[in-house]
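K.L.:
no FASTA, just this:
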């Protein structure tokens, strides 16, 4: 008994040490690569600034979508609100802590996946981070949070199908399917296309069960997956309903999201073949597909391999839905690429066991070197962007100080860098608070609503960029309103402050 107790204590101590080391790894990586909110000197970023503004507004009682708008999923609204609920708003440190916790949890799931395959956890974690780093764009993005849910879904899939599905295993499919359904829905709720990697894997496994005529197993999977999705969605739906925002949420998270994806940009084929974006996407696909192939060779089973290939294909598709090709769209492919790398290491361990430790060491060394090489210019760029932000911040604060306290609920920064709100610690009075003409480029009804609000309940104070051309340009109706109904008050840096004229 004492030996068993001692062995159990040793195991728990080893797990605690591993978790602590993983936390240190997550924090060290985040300090360098999560540049938008890093305590080393956050540079704020564009999307991150929108989310800081959104989270602060929600924490102060605004309704999601109907009170403050973005075309992302409702779970992102919640994740941006939570850090600001306890800080008074605009806290980059609170967001950073949340990001580190999400990364830590994801790396712990990766470690469990590595143990299932009998490979070195650190090597798999470092592969993940090395492929992940060039996709971050400063971090605090929907794909970043969705990756944790994707990893949990992949770990569940690996546990069930990693060595093939037995008859006894078939009878226990309900709960794994429930978990995968919940994770797919959580991905969907961050942004609709974020669910594609898990959706692809699930479709492949469902097709496999139907192909081998295991209809009872398929039924358990379908029921579990559907109930898992429902269980994950209901609390978020209830939150939206409590704010009277269900209809606006459907428009923002689904309708406008796909309208935005259809706005024009660069050619998909050109990007795939000739741009670093496409090359990184192909690297992820190669890692996932190579791991899938070697998994099938090693285990003589093909369902998991098929699911990996399909999940990687759907993840790649997610990165090319839009014509805009921001690096962070590729983040969705990183979990499957890391699983592919783990499967390659598992094959080496089984077939070339004498070289396995050396291979793991070499892989780890290459990944660390890659992270250092990427980290140096990332940090240099952060310093440059941080300096520009520190130059802008006093100008923003000086202009906002001229807005009377009684009028600050009637203030709008129109078509400015979203980080202006953060610098001024200001909140907008309209729900379309950033890049208004760009949102209207996806759906002209956005500009119709903005013009209507300017006509019926106009902001009393407006900040604009000063003498700067835009593409697309200002809507002519809005430009006329600024020219005829507002008067100049002050200008600082690139920004000018306007005041609504008194009625004649």
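P.N.:
Cool, the structure landed. Being a predicted model, the structure only gives us computed values, none of them experimental. Numbering: from 1, shown residues only.

K.L.:
does the nearest residue to residue 34 once chain neighbours are set aside count as helix, strand or coil?
P.N.:
Nearest in space to residue 34, with sequence neighbours left out and distances taken as Cβ to Cβ, 6 or more residues apart in numbering, is residue 139 at 4.1 Å. (Glycine included, C-beta is placed from N, CA and C.) Per DSSP: H, G, I helix; E, B strand; the rest coil, the local secondary structure of residue 139 is coil.

K.L.:
how close does residue 139 get to residue 473?
P.N.:
Between residue 139 and residue 473 the computed distance is 32 Å (Cβ to Cβ, to the nearest Å).

K.L.:
so between those two, which is more surrounded?
P.N.:
Neighbour tally, residue 139 and residue 473, criterion other Cβ atoms under 10 Å: the higher count belongs to residue 139, 26 against 10.

K.L.:
do you have the strands of the protein handy? List them.
P.N.:
Taking DSSP state E, the strands of the chain run over residues 411-414, 461-465, 486-492, 495-500.

K.L.:
tell me the most buried of those?
P.N.:
strand 411-414 (a mean of 25; mean count of other Cβ atoms under 10 Å).

K.L.:
if I read this right, the residue nearest to residue 34 contacts residue 100, doesn't it?
P.N.:
No. In this structure, residue 139 is not within contact of residue 100 by Cβ atoms under 8 Å, at 10.3 Å.

K.L.:
what do these two both touch?
P.N.:
30, 34 (Cβ atoms under 8 Å, 6 or more residues apart in numbering).

K.L.:
on that earlier part again, distance of the residue nearest to residue 34 from residue 331?
P.N.:
According to Cβ to Cβ, residue 139 and residue 331 sit 9 Å apart.

K.L.:
and if you look at residue 436?
P.N.:
Look at residue 436 and residue 331: by Cβ to Cβ, they are 27 Å apart.

K.L.:
quick one: which of the two has more around it?
P.N.:
Neighbours were tallied for residue 436 and for residue 331 using other Cβ under 10 Å; the higher tally belongs to residue 331 (28 against 20).

K.L.:
hmm, that one is touching residue 133, no?
P.N.:
No. Between residue 331 and residue 133 there is no contact, the gap being 10.3 Å when judged by Cβ under 8 Å.

K.L.:
tell me how far residue 134 lies from residue 322.
P.N.:
For residue 134, the distance to residue 322 - Cβ to Cβ - is 18 Å.

K.L.:
same question for residue 62.
P.N.:
27 Å.

K.L.:
residue 27 too?
P.N.:
Taken as Cβ to Cβ, the span from residue 27 to residue 322 is 32 Å.

K.L.:
what of residue 89?
P.N.:
31 Å.

K.L.:
repeat that for residue 202.
P.N.:
23 Å.

K.L.:
who's more crowded, these two?
P.N.:
residue 202 (24 against 19).

K.L.:
quick one: residues contacting the residue nearest to the more buried one when sequence neighbours are not counted.
P.N.:
Counting by Cβ to Cβ, 6+ apart, residue 202 lies nearest to residue 180, which is 6.1 Å off, once chain neighbours are set aside. If you count contacts by Cβ under 8 Å, 6+ apart, residue 180 has them with 153, 156, 157, 198, 202, 224, 225, 228.

K.L.:
was I right about the fourth one contacting residue 186?
P.N.:
No. Distance between residue 198 and residue 186: 9.6 Å, which falls outside the contact criterion (Cβ under 8 Å).

K.L.:
what touches both of the two?
P.N.:
residue 149.

K.L.:
which one's more surrounded, these two?
P.N.:
Higher neighbour count among residue 198 and residue 186: residue 198, with 33 against 26, using other Cβ under 10 Å.

K.L.:
for that one, give its distance to residue 258.
P.N.:
19 Å.

K.L.:
residue 417 too?
P.N.:
26 Å.

K.L.:
next, the angle from the lengthiest helix in the chain to strand 486-492.
P.N.:
Looking across the chain with DSSP state H, the single longest helix is helix 353-401. If you take axes from the mean of the first three to the mean of the last three Cα atoms, to 10 degrees, helix 353-401 sits at 120 degrees to strand 486-492.

K.L.:
which elements pack onto helix 353-401?
P.N.:
helix 2-33, helix 121-132, helix 334-351, helix 419-424, strand 461-465, strand 486-492, strand 495-500 (3 or more Cβ pairs under 8 Å, 6 or more residues apart in numbering; DSSP states H and E).

K.L.:
tabulate those (a markdown table), appending mean pLDDT.
P.N.:
Below are these laid out as a markdown table (pLDDT from 0 to 100):
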| stretch | mean pLDDT |
| --- | --- |
| helix 2-33 | 84 |
| helix 121-132 | 98 |
| helix 334-351 | 96 |
| helix 419-424 | 96 |
| strand 461-465 | 95 |
| strand 486-492 | 96 |
| strand 495-500 | 96 |
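
K.L.:
closest one to residue 369 among these?
P.N.:
Residue 369 lies closest to helix 121-132 among the helices and strands packed on helix 353-401, at 9.0 Å (Cβ to Cβ).

K.L.:
how far does that closest one sit from its chain's centre?
P.N.:
Relative to the centre of its chain, helix 121-132 is centred 18 Å away, using Cα atoms, centre = their mean, to the nearest Å.

K.L.:
quick one: contacts of it?
P.N.:
By Cβ under 8 Å, 6+ apart, helix 121-132 touches 18, 22, 25, 29, 106-107, 110-111, 113-115, 147, 280, 283-284, 287, 331, 334-335, 337-338, 341-342, 345, 360, 363-364, 366-368, 370-371.

K.L.:
picking that back up, any chance of the helices and strands packed on helix 353-401 in CSV, with distance to residue 47 too?
P.N.:
Output for the helices and strands packed on helix 353-401, formatted as CSV (distance: least, Cβ to Cβ, whole Å):
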stretch, distance to residue 47
helix 2-33, 15
helix 121-132, 17
helix 334-351, 18
helix 419-424, 10
strand 461-465, 19
strand 486-492, 25
strand 495-500, 20
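
K.L.:
thanks a lot, see you next time.
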